[in-house]
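**Q** Return a 3D structure for these sequence lines:
(6 chains)
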Protein chains: 6
Amino acid sequence: MRIHVVTPVTTVGLRDVEDLRPLVGHGTEVTHSLIEQGPATIESHVDEALAVPGTLRGVAAAEADGADAVVIDCMGDPGVEAARELVTVPVMGPAQAAMHVAAMLGHSFSVLATQEAVVPMLHDLARRYGVAERLCSIRAVDIPVLELEDAARLRGALLDAALDAVVQDGAHVLVLGCTGMAGFAAELSAALADRGHPGIPVVDPITAALRLAEAIAGMGLRPSLRTYPTPPASSLTDLVAP
Amino acid sequence: MRIHVVTPVTTVGLRDVEDLRPLVGHGTEVTHSLIEQGPATIESHVDEALAVPGTLRGVAAAEADGADAVVIDCMGDPGVEAARELVTVPVMGPAQAAMHVAAMLGHSFSVLATQEAVVPMLHDLARRYGVAERLCSIRAVDIPVLELEDAARLRGALLDAALDAVVQDGAHVLVLGCTGMAGFAAELSAALADRGHPGIPVVDPITAALRLAEAIAGMGLRPSLRTYPTPPASSLTDLVAP
Amino acid sequence: MRIHVVTPVTTVGLRDVEDLRPLVGHGTEVTHSLIEQGPATIESHVDEALAVPGTLRGVAAAEADGADAVVIDCMGDPGVEAARELVTVPVMGPAQAAMHVAAMLGHSFSVLATQEAVVPMLHDLARRYGVAERLCSIRAVDIPVLELEDAARLRGALLDAALDAVVQDGAHVLVLGCTGMAGFAAELSAALADRGHPGIPVVDPITAALRLAEAIAGMGLRPSLRTYPTPPASSLTDLVAP
Amino acid sequence: MRIHVVTPVTTVGLRDVEDLRPLVGHGTEVTHSLIEQGPATIESHVDEALAVPGTLRGVAAAEADGADAVVIDCMGDPGVEAARELVTVPVMGPAQAAMHVAAMLGHSFSVLATQEAVVPMLHDLARRYGVAERLCSIRAVDIPVLELEDAARLRGALLDAALDAVVQDGAHVLVLGCTGMAGFAAELSAALADRGHPGIPVVDPITAALRLAEAIAGMGLRPSLRTYPTPPASSLTDLVAP
Amino acid sequence: MRIHVVTPVTTVGLRDVEDLRPLVGHGTEVTHSLIEQGPATIESHVDEALAVPGTLRGVAAAEADGADAVVIDCMGDPGVEAARELVTVPVMGPAQAAMHVAAMLGHSFSVLATQEAVVPMLHDLARRYGVAERLCSIRAVDIPVLELEDAARLRGALLDAALDAVVQDGAHVLVLGCTGMAGFAAELSAALADRGHPGIPVVDPITAALRLAEAIAGMGLRPSLRTYPTPPASSLTDLVAP
Amino acid sequence: MRIHVVTPVTTVGLRDVEDLRPLVGHGTEVTHSLIEQGPATIESHVDEALAVPGTLRGVAAAEADGADAVVIDCMGDPGVEAARELVTVPVMGPAQAAMHVAAMLGHSFSVLATQEAVVPMLHDLARRYGVAERLCSIRAVDIPVLELEDAARLRGALLDAALDAVVQDGAHVLVLGCTGMAGFAAELSAALADRGHPGIPVVDPITAALRLAEAIAGMGLRPSLRTYPTPPASSLTDLVAP
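**A** Next up is the predicted model:
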């Protein structure tokens, strides 16, 4: 099986496909692309809007190229609904995947977001996916996407936000709020255990998206054509030649 | 006061600004533009995605040009959230406006949509706006957007769908499901009265959007900066030069 | 267009109609009456109950007198449902109007109420209007209705409660919780900006009620007869001759 | 223990206290009064509004007279919230009691109302009491309150509506929708069993209100002063001397 | 009328039936049994699972023996749903009863639980019973079930948790979170009044269960056969001979 | 990775482990056991109650034996919560897994259950898992568990129920309501396509449980210790020696 990952920005190096390969099951291959036209990062609804057309083109190309499933690499799940209309293979978004996994691991969860600015969008996604009841809070670490590579800073900020979420907000499970935080989940869970809070699972959204895409494609399932009908040919023409 | 309406498609003639002028209050002016790049109509999430960048440019231009409020002329409310980040003046979407007005007029409402394909999107909007509890059903008239100009056909299909909504689904209020159905609200209400169902108000979404934009701007209110923060300069650059 | 405002108490001077006139759009006239029999202020369910019969008589008289819409001037929205049965013109309550406007301006809102005693009633209204999900808190300023005229005290108490609502409760929008607080909305928003919280809109409920009544009447819409059927003649006799 | 029942209308003979006595437990006494001023029946929000002041006076008199609990004899639960502010003894409304009992007897329930006109009010009560999720439908028997005494007609209409509720709407439990339907619950349940639907409990609201008032008073519990604070003396003056 | 109480553990002395007798109305008798096989206390889902088979046998024996209703004496309401399938007489659980009574006494309630470990289970019960909206918090007193007999310690811990619930969480009503806390409700309410919080009702779950069982049986009502169908004979064989 | 499946009944042959092996991903092994003591099938809450102790012993044995995850093979998800307290490896139930997968595939889903008797239980599970909003209906095929092996009869009954769910109830996705229906998902989807309803995905619950257990274990995640604390040693003693 091959899962194609589209990172819906133009910034080269923001995602290294080598980091994604260990995250999937046996026999699953991962390929990757950025978008050709769009924003540098996604940190607002405006960015999202600018990312979606290029993302859709990337998703369509992946299906034409034989991918069994596609993952859109951004916690805003930009263009996931449109992508499901466009292609027939499963398309998974990290927010939807991570929130569902979190709901299966415990009573309530908190999301650790990059910045305050994206908090309302994450609340909206929780409401869209029907998990708002289990979302007890969203805490921001106050680090812009392009500064997430400062690992020490991110590690410390995540732990502070995580402790607040667990102690003050009553979180039983945590979800990293940006796919750029990949790789920090297990150590955060361990750090919480060191601080007297053992057994708090931390869900990494890009991993959750890959694994659920794998599971759904492996089950031979595809998104409902009734919810995601194929758009008429005219729409597809608009897409190819912007 | 001046309200600028952006119709987020490229099809000339789909909206005649003269039809909009009688819909607003005294002393309110209405201006209008289409988008320069984007889909011919919006009948899927893919279309919506392709419409938003051009819509955002149109909204930004309207504010730069001195408009007091902006209305996005499409029942999918495409780009409304992003537009509220981009400009400070109020931005209103027809679905949000019509659904809120419907909620203030009666116990439950139905939406009369163009086609089955857009029904899930309207359910999602009702959920996003917190009115899903009051939405008793969505009925499709099975007429594509570009065929809505056949008035006789539309009139008949609307009445059939309306009767089903009122008699079978228990609707107390109706909402026209496409801004292209403007002008049919009052006669539909009258037709229902002729058929033994008097006093069922029918909300026209473009009128609701204009009137609520007028009310909110008239109150000197603007969308919350906390929900809709101004995007950083880099995003704005991406927007202008696609 | 003429909107008639009924202040559902007997205290002369509690509302000056001159303060209401600037709040509406061009070409809209505002008239006003108190009730002839009822409580001095409304600060409990008991007060509300005693206010409603006289309020209904005032609403009926306004329609008989040619008003295009009626607003009931009290945040408890007392008698709004019964009034909509009694007359055919639109009747708007400040809580319903303000809460809907708040829901259209941002992700979540807090209400700044007069006293703790009225907090449960405001929660009930939020639940009735379907906006409970977006109401993050209600804060009381601890000032009885008859002492609201002490502007300096009210100004200070509102700012304190507003800061708590924004900083501790996460409010993105604020709603003044009593129609007697009219006139303080804009300055409160400005004071919050001075304290480092720019762009938090503050909704004044009497203005919202006037503006939405204006919008709905301007759209030619009336409350659904299915939700608000005309009571039989016997009820009307009971009303006129208490 | 003594429970006082206030029937919130002026129509003599609408309620015979002898019918209420068998409905309570051992050692519980029942007394009864109508209101002195108010509507003949309650079949709209307007009627309710006109009933409440007199009802509150009746409730206050009952407490002054030594009643341990008060029941307001009308499915609209008119004035229950205000009554709980006014007195300290428990006050129970039939809709709240019956809906809670129904929720404890099965998965979902339907209410069999007198007329279409009161259906939205019953939906609102279900939402207020937090049981809207379990209310699967409301069916009207189309009999005005003053015609309920035609037992044969009522019996037939109730059975028809009950069958529709069970077969078409999926009701597991039924609630009679008017306290004037008292006495028909057990036979309706038996009639459904004869028709192939055994074991569908039918809740009579006046009985439920009496029994729950008895239970709550018997437990030494009173409504929360925090939810139902005592109104200031001025309100009480307004009440006594209308 | 006779209500049989099954305490679903094997620990002799955990419940003294003499304590239960004063809790019911006139003319109601109370009998009691422990289970023969099962856990010593119930403080986890595992304990619950081990308690249910023996509890069902106890419930069946009670009905065979002529009880009019059965109460299962544990705040986890273990086996209540299965018991309602097994017997026809009403079966009441303390959590369901107490939460419904709390919902009828005020705007919001908190539960004072024994330990953190049982908090998620109580949240689940609130959600199952449709009262999650009114549950504002759950506070743990950190006392295991077998140590609840240390009255002074329990009294102090309950007061501390109650004050937090009222002052910090906004509770208007309190519910004791374990049937082993019986007898402390009235004094806790009085202690809160002494501390400046008068009129906060405290609901004791075993009393609520007894009283509601009494009310429902007294009304001649039984759980719906549609929700709780009689299991086939094979299941009953499995039950008798484990 | 090895997933152990516990079928929580004693009927030999009800589940053939060979049928499970093709359902998992590369490199995942599946082992299986029945329970030693318990019911023959699970078709009521009573059956469930009798199944859980033996199921818990089976789950504990599986972990002791080195399984990486456990699946409980019954749509009632019996004992899943208790099992998560008992062991640390992920435990997955088919209802939770299938309902989450369905929620990720489309707007709304219906469950095709064996019999009416289990319908309320499935509604409760949907409510527990937060997906009740997306569940549009549950249809029963009226075939007891032990008769599901009549493939022709099951196939026909599933198609009838599926057509009703899609055409009348508006389902966009279907979920088979019993793990004994495994193997019929793909052909049902194809049969619906033949009947004019293409692209309706049908989720098989045992496959969903296996795949999600695989994904969660593969991600190195475990249920939250805060939601599922380890029971004290005394409970474990009760478990081993019933």
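**Q** neighbours around residue A:169, how many?
**A** Around residue A:169 sit 15 other residues, with neighbours defined as other C-beta atoms under 10 Å in any protein chain shown. The C-beta positions use only the backbone N, C-alpha and C, and glycine is treated the same way.
**Q** Next, count neighbours for the residue lying closest to it once chain neighbours are set aside.
**A** If you skip the residues right next to it in sequence, residue A:169 has residue A:137 as its closest partner in space, 3.9 Å away by C-beta to C-beta, 6 or more residues apart in numbering or on different chains. When neighbours are defined as other C-beta under 10 Å, residue A:137 has 19 of them.
**Q** List the buried residues in the helix or strand containing residue A:137.
**A** Element membership for residue A:137, per DSSP states H and E: strand A:135-140. Neighbour counts using 16 or more other C-beta atoms under 10 Å in any protein chain shown place A:135-140 of strand A:135-140 among the buried residues.
**Q** likewise stretch A:64-75?
**A** Those would be A:67-75, for stretch A:64-75 by 16+ other C-beta under 10 Å.
**Q** can you give me how far it is from the chain middle?
**A** Here the centre of mass of C-alpha atoms in stretch A:64-75, compared against the chain's by C-alpha atoms, centre = their mean, to the nearest Å, lies 12 Å away.
**Q** Would it count as contacting chain F?
**A** No. On the criterion C-beta under 8 Å from any C-beta of the partner chain, stretch A:64-75 is out of touch with chain F, staying 12.0 Å away.
**Q** Alpha carbons of that stretch, in CSV - could you do that?
**A** What follows is the C-alpha trace of stretch A:64-75 in CSV, where atoms were taken according to Å, rounded to 0.1, in the frame of the first residue of the first chain:
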residue,chain,number,x,y,z
ALA,A,64,-3.7,9.7,-10.8
ASP,A,65,-0.3,8.4,-9.9
GLY,A,66,-1.7,5.3,-8.1
ALA,A,67,-1.7,6.2,-4.4
ASP,A,68,-4.0,4.1,-2.2
ALA,A,69,-4.7,7.0,0.2
VAL,A,70,-3.8,10.6,0.7
VAL,A,71,-3.0,12.5,3.9
ILE,A,72,-3.0,16.3,4.0
ASP,A,73,-0.2,17.4,6.3
CYS,A,74,-1.7,20.3,8.3
MET,A,75,-3.7,20.4,11.6
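**Q** what is the mean pLDDT for the strand holding residue A:137?
**A** When pLDDT is averaged along strand A:135-140, the result is 96.
**Q** what sits up against the helix or strand following it?
**A** For strand A:135-140, the succeeding helix or strand toward the C-terminus, using DSSP H and E, is helix A:151-167. Helix A:151-167 is touched from outside by A:110, A:112, A:136-137, A:139-143, A:147-148, A:171, A:174, A:176, A:181, A:184, A:187-188, A:191-192, A:195, A:197, A:200, A:202, F:226, with contacts defined as C-beta atoms under 8 Å, 6 or more residues apart in numbering or on different chains.
**Q** Which among these count as buried?
**A** For those, a burial check counting by 16+ other C-beta under 10 Å picks out A:110, A:112, A:136-137, A:139-141, A:143, A:148, A:171, A:174, A:176, A:181, A:184, A:188, A:191-192, A:197, A:200, A:202, F:226.
**Q** Which single residue in chain A comes nearest to chain E?
**A** residue A:107 (4.3 Å; C-beta to the nearest C-beta).
**Q** ok, that residue touching residue F:229?
**A** No. If you go by C-beta atoms under 8 Å, residue A:107 and residue F:229 don't touch, sitting 11.4 Å apart.
**Q** what separates the residue most central in space within chain A from residue D:199, distance-wise?
**A** When chain A is reduced to its mean C-alpha position, the nearest residue by C-alpha atoms, centre = their mean turns out to be residue A:94, at 2.2 Å. When C-beta to C-beta, to the nearest Å is applied, the distance between residue A:94 and residue D:199 equals 49 Å.
**Q** Then residue A:158?
**A** For residue A:158, the distance to residue D:199 - C-beta to C-beta - is 55 Å.
**Q** Comparing the two, which residue is more hemmed in?
**A** residue A:158 (25 against 19).
**Q** Quick one: residues contacting the closest residue to that one other than its chain neighbours.
**A** Taking C-beta to C-beta, 6+ apart, and ignoring the residues beside it in sequence, residue A:158 has residue A:188 as its nearest neighbour in space, at 5.4 Å. The neighbourhood of residue A:188, defined by C-beta under 8 Å, 6+ apart, consists of A:155, A:158-159, A:162, A:174, A:176, A:202.
**Q** how far away is the residue of chain A found nearest chain D from chain B?
**A** Among the residues of chain A, residue A:133 lies closest to chain D, at 12.7 Å counting by C-beta to the nearest C-beta. With the distance defined as C-beta to the nearest C-beta, to the nearest Å, residue A:133 ends up 13 Å from chain B.
**Q** That residue against residue F:131, yeah?
**A** No. Contact between residue A:133 and residue F:131 fails when scored by C-beta under 8 Å: they sit 10.7 Å apart.
**Q** Those two - which one has more neighbours?
**A** Residue environment comparison for residue A:133 versus residue F:131 gives the larger neighbour count to residue F:131, 24 against 14, counting by other C-beta under 10 Å.
**Q** is it true that the more buried one touches residue F:104?
**A** No. Between residue F:131 and residue F:104 there is no contact, the gap being 10.4 Å when judged by C-beta under 8 Å.
**Q** re the thing from before, quick one: residues contacting the residue nearest to the residue nearest to the centre of chain A when sequence neighbours are not counted.
**A** Computed as C-beta to C-beta, 6+ apart, the closest residue to residue A:94 that is not its neighbour in sequence is residue A:205, at 3.4 Å. For residue A:205, the set of contacting residues under the criterion of C-beta under 8 Å, 6+ apart consists of A:75, A:94-95, A:97-98, A:175-179, A:182.
**Q** what does the worst-scoring helix or strand of chain A on mean pLDDT rub up against?
**A** Sorted by mean pLDDT, DSSP states H and E, the helices and strands of chain A end with helix A:233-240, the least confident at a mean of 78. In this structure, residues lying in contact with helix A:233-240 by C-beta under 8 Å, 6+ apart are A:53, A:56-57, A:60, A:86, B:38-40, B:43-44, B:46-47, B:50.
**Q** gap between that helix and the chain center?
**A** In this view, helix A:233-240 has its centroid 27 Å away from the chain centroid, taken as C-alpha atoms, centre = their mean.
**Q** and if you look at stretch A:220-237?
**A** Mean-position distance between stretch A:220-237 and its chain equals 22 Å (C-alpha atoms, centre = their mean).
**Q** just the CA coordinates of it, formatted as CSV?
**A** Coordinates of the C-alpha atoms in stretch A:220-237 are reproduced here as CSV (Å, rounded to 0.1, in the frame of the first residue of the first chain):
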residue,chain,number,x,y,z
GLY,A,220,-11.2,-1.4,1.4
LEU,A,221,-13.4,1.5,2.5
ARG,A,222,-13.8,4.8,0.7
PRO,A,223,-15.6,8.0,1.7
SER,A,224,-19.3,8.0,0.9
LEU,A,225,-20.2,9.2,-2.6
ARG,A,226,-23.4,10.5,-1.1
THR,A,227,-21.5,12.9,1.2
TYR,A,228,-18.7,13.6,-1.3
PRO,A,229,-20.2,13.4,-4.8
THR,A,230,-17.9,13.7,-7.8
PRO,A,231,-17.9,17.4,-9.0
PRO,A,232,-19.0,18.0,-12.6
ALA,A,233,-16.4,18.2,-15.3
SER,A,234,-16.5,22.0,-15.4
SER,A,235,-15.2,22.2,-11.8
LEU,A,236,-12.4,20.0,-12.7
THR,A,237,-11.4,22.2,-15.6
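**Q** Would you mark the buried spots in that stretch?
**A** Neighbour-count burial for stretch A:220-237, counted by 16+ other C-beta under 10 Å, picks out A:221-231, A:235.
**Q** so how far is residue F:4 from residue A:74?
**A** Between residue A:74 and residue F:4 the computed distance is 36 Å (C-beta to C-beta).
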